[in-house]
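1. need a structure here:
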Amino acid sequence: MSSFYARALVVCIVFSLIPLSSAFALERSTGRILQDDGAALADDFGEIFSFPVRFDGSDWALTGAVIGAAAASMLWADRPVRDYAFRHRTPFLDRLLPVGDFYGKLSTGIYLGSALYTAGIISDDESLRLTGRAVIEAHTFSLLITGVMKAVAGRSRPYTGDGNNRFNWVETSNRYWSLPSGHATSAFAVSSALSQRIDRPLASVGLYALSCVTVLNRIYDDKHWLSDTLLGAAIGTAVGVAVGNMINKEEDENCRFIGTPVQEKPVELVRIIQWRF
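-> Predicted structure coming up:
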């Protein structure tokens, strides 16, 4: 039953972002749109993975703070949090937390992004299509980072019984792919990208709350330590925010270039046309 509600939640997200009326868009064939989006995706990939080269002092300070928080969790919080989760299992949490598991799955980000992108193509809605691309990019880029880190670190998952300080280094077995959490990365990447695109406080609160349910699920199911989820959430958020901002900038530049009305974010069901000169 919880799986049904999880799928219903994703469907609701998709339909809440589909506008009632078509937006103004460039007169382009579907083939040309796909070609242009493919080139833009490649450019965004280069931007994301070259970010560390352009880090300033505040960026490095934030990175250090995230690493420090994960390290502190490993030293003092991972075991107590795991023990607390075991002592406080309830039927209510057994029903609720699988929603977080579904939201953080690899397939969910792919399906959600693809559904939004396809809906944008079919409805000729530039803003909706770009939102789908933002989800796909944030989800894919962040999981590439997390996947490499998982394999290199080779940290044992909690259920192995190896303890929270066991790092095997360069592992291929899923049992030793605990750090960072892929589910947390995916959930926060998707939520962050959607939050940047929707740009509404209540929507952002709901999206990030859903991501937090994913974090709780990974700890509750004994799949990850707290530090795994903290690092995964940080990676997903950083990439999701960056991708969302790049897509927003691209959309604004497209509107200025073609001289069409500026499109409202796709969450708006009644569009107010504003002209830019």
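2. Count the residues that sit near residue 86.
-> Around residue 86 there are 12 other residues, counting by other C-beta atoms under 10 Å. Every C-beta, even on glycine, is put in place using the N, C-alpha and C of the backbone.
3. Distance from stretch 100-112 to the middle of the chain?
-> For stretch 100-112, the gap between its own C-alpha mean and the chain's C-alpha mean amounts to 9 Å (C-alpha atoms, centre = their mean, to the nearest Å).
4. If you could redo that for stretch 185-199, that was the one I meant.
-> Average the C-alpha atoms of stretch 185-199, do the same for its chain, and the two points are 5 Å apart (C-alpha atoms, centre = their mean).
5. Quick check: mean pLDDT of it?
-> Per-residue pLDDT values across stretch 185-199 average out to 97.
6. for stretch 34-47, same thing?
-> Averaged over stretch 34-47, pLDDT sits at 96.
7. any low-confidence regions in this structure?
-> 1-27, 257-277 (pLDDT under 70).
8. how does it look with 50?
-> Along the chain, the parts satisfying pLDDT under 50 run over 1, 20-25, 262-277.
9. Which parts of it are helices?
-> Defined through DSSP state H, the helices belonging to the chain, from first to last, are 2-16, 30-49, 57-72, 78-87, 91-96, 98-103, 106-123, 126-153, 182-198, 201-220, 226-258.
10. Looking at the ones you listed, spot the one closest to residue 175.
-> helix 126-153 (11.3 Å; C-beta to C-beta).
11. Any buried residues in the closest one, and which?
-> With burial defined by 16 or more other C-beta atoms under 10 Å, the residues of helix 126-153 counted as buried are 126-143, 145-146, 149-150, 153.
12. Packing partners of that helix?
-> For helix 126-153, the packing partners by 3 or more C-beta pairs under 8 Å, 6 or more residues apart in numbering; DSSP states H and E come out as helix 30-49, helix 106-123, helix 182-198, helix 226-258.
13. just checking, which of those sits deepest inside the structure?
-> For these, ranked by mean neighbour count under the definition mean count of other C-beta atoms under 10 Å, the leader is helix 182-198 at a mean of 29.
14. Just want the angle from that one to helix 201-220.
-> Counting by axes from the mean of the first three to the mean of the last three C-alpha atoms, to 10 degrees, helix 182-198 lies at 180 degrees to helix 201-220.
15. between helix 182-198 and helix 126-153, how many degrees?
-> Angular relation of helix 182-198 and helix 126-153 on a 0 to 180 degree scale: 160 degrees, by the same axes, to 10 degrees.
16. Alpha carbons of helix 182-198, as CSV, please.
-> What follows is the C-alpha trace of helix 182-198 in CSV, where atoms were taken according to Å, rounded to 0.1, in the frame of the first residue of the first chain:
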residue,chain,number,x,y,z
GLY,A,182,22.7,7.5,-3.1
HIS,A,183,19.1,7.8,-2.0
ALA,A,184,19.8,10.9,-0.1
THR,A,185,21.8,12.3,-3.0
SER,A,186,19.0,11.6,-5.5
ALA,A,187,16.2,12.9,-3.3
PHE,A,188,17.9,16.2,-2.4
ALA,A,189,19.1,16.7,-6.0
VAL,A,190,15.6,16.4,-7.4
SER,A,191,14.0,18.5,-4.6
SER,A,192,16.7,21.2,-5.0
ALA,A,193,16.3,21.4,-8.7
LEU,A,194,12.5,21.6,-8.5
SER,A,195,12.7,24.1,-5.7
GLN,A,196,14.9,26.4,-7.8
ARG,A,197,12.5,26.1,-10.8
ILE,A,198,9.2,26.5,-8.9
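17. contacting residues around the closest residue to residue 162 other than its chain neighbours?
-> Sequence neighbours aside, residue 156 is the residue nearest to residue 162 in space, at 3.7 Å (criterion: C-beta to C-beta, 6 or more residues apart in numbering). Residue 156 makes contact with 162, 163, 166, 167, 168, 175, 176, 178, according to C-beta atoms under 8 Å, 6 or more residues apart in numbering.
18. hmm, try it at 10 Å
-> For residue 156, the contacting residues are 162-168, 171, 173, 175-179, 225, by C-beta atoms under 10 Å, 6 or more residues apart in numbering.
19. Next: residue 245.
-> Taking C-beta under 10 Å, 6+ apart as the definition of contact, the neighbours of residue 245 are 134, 193, 196, 197.
20. Looking at those, which two lie furthest apart in space?
-> Checking the contacts of residue 245 against each other with C-beta to C-beta, the farthest-apart pair comes out as 134 and 196, at 7.3 Å.
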